[in-house]
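Student: Starting from these lines, generate the structure:
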Amino acid sequence: MTEEKVVLASSLQEKDSCIVQLKEDLDKMTEEKVVLASSLQEKDSCIMQLKEDMDKMTAQLREKDICIEELKQQMAQQMVGQAAQTSSSAHQHETLVTALNEKLVASKTEAEKQRCHIQGLENRLVDKEQGVAGGKEEATLEAEKTIRRLKGELYTVKDKLKLERGVGEMHVSKCALVIYDICL
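Tutor: Numbers count the residues shown, from 1 in each chain. Predicted coordinates for the structure are as follows:
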């Protein structure tokens, strides 16, 4: 029995040492669990912080998208406004061109009238010159006065015609420049 006691005692010591070892292992595992739990808590808080940051960034992106949409709408409105102004300017230029064309036509009509008047004056001048050739002295003096007067009128009308033609051409040139500027 002594042998059995020795074997049992030895077995108990082994079991005790196993129990002690198991307790130590359990303590280590508990410590590791605490460390793991702490690490998990840190990771959870990091994840929560990341989620909050993502939510903030998403909200900021929405605000930026709204701002971009508003800017697009403003730009579209400005483009429509500019198109309306351009259309209005084009209409004003068309009106100006029409007015200048009307002035040009009026100048041409006036020039034609002046040409007819000049032709009439030249015809009268020829008639007076022929009357002078008839030999009457008074008629000659009167004819010379009339000739001088008619020549003066003729030159005045020709100068006026040139001036009006120049003004008409100047209006057309200005009109062409305005149209050229619009096209650019």
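
Student: residue ranges for the helices of the protein, please.
Tutor: 2-133, 137-183 (DSSP state H).

Student: Least confident of those helices, on average?
Tutor: The weakest mean pLDDT among the helices of the chain belongs to helix 137-183, with a mean of 61.

Student: Please report the distance of Glu63 from Leu50.
Tutor: To Leu50, Glu63 is 20 Å away according to CB to CB, to the nearest Å. Bear in mind the C-beta positions are built from the backbone N, C-alpha and C, glycine included.

Student: same question, Lys56
Tutor: In terms of CB to CB, Lys56 sits 11 Å off from Leu50.

Student: just Lys72 next, same as before
Tutor: Where Leu50 is concerned, Lys72 sits at a distance of 32 Å (CB to CB).

Student: Please apply the same query to Glu70.
Tutor: Remark: distance between Glu70 and Leu50 (CB to CB) = 30 Å.

Student: again, but for Lys33
Tutor: Counting by CB to CB, the gap from Lys33 to Leu50 is 25 Å.

Student: Could you do Leu8 as well?
Tutor: Distance of Leu8 to Leu50, given as CB to CB: 60 Å.

Student: what does Gln73 give?
Tutor: 35 Å.

Student: And for Leu40?
Tutor: Counting by CB to CB, the gap from Leu40 to Leu50 is 15 Å.

Student: How about Val7?
Tutor: From Val7 to Leu50 the distance is 62 Å (CB to CB).

Student: neighbours around Lys103, how many?
Tutor: Using other CB atoms under 10 Å, Lys103 has 16 other residues around it.

Student: Sorry, wrong one. I was asking about Leu100.
Tutor: Neighbour tally, Leu100, other CB under 10 Å: 19.

Student: now do Glu31
Tutor: Residues near Glu31, counting by other CB under 10 Å, number 10.

Student: Likewise for Asp44?
Tutor: The number of residues packed near Asp44 is 10, by other CB under 10 Å.

Student: mind listing what it touches?
Tutor: Taking CB atoms under 8 Å, 6 or more residues apart in numbering as the definition of contact, Asp44 has no neighbours.

Student: What distance do you get for it to Lys56?
Tutor: Taking CB to CB, one finds Asp44 at 19 Å from Lys56.

Student: likewise Lys43?
Tutor: Lys43 is 20 Å from Lys56, where distance means CB to CB.

Student: ok, now Gln74?
Tutor: From Gln74 to Lys56 the distance is 27 Å (CB to CB).

Student: Over to Gln77?
Tutor: To Lys56, Gln77 is 32 Å away according to CB to CB.
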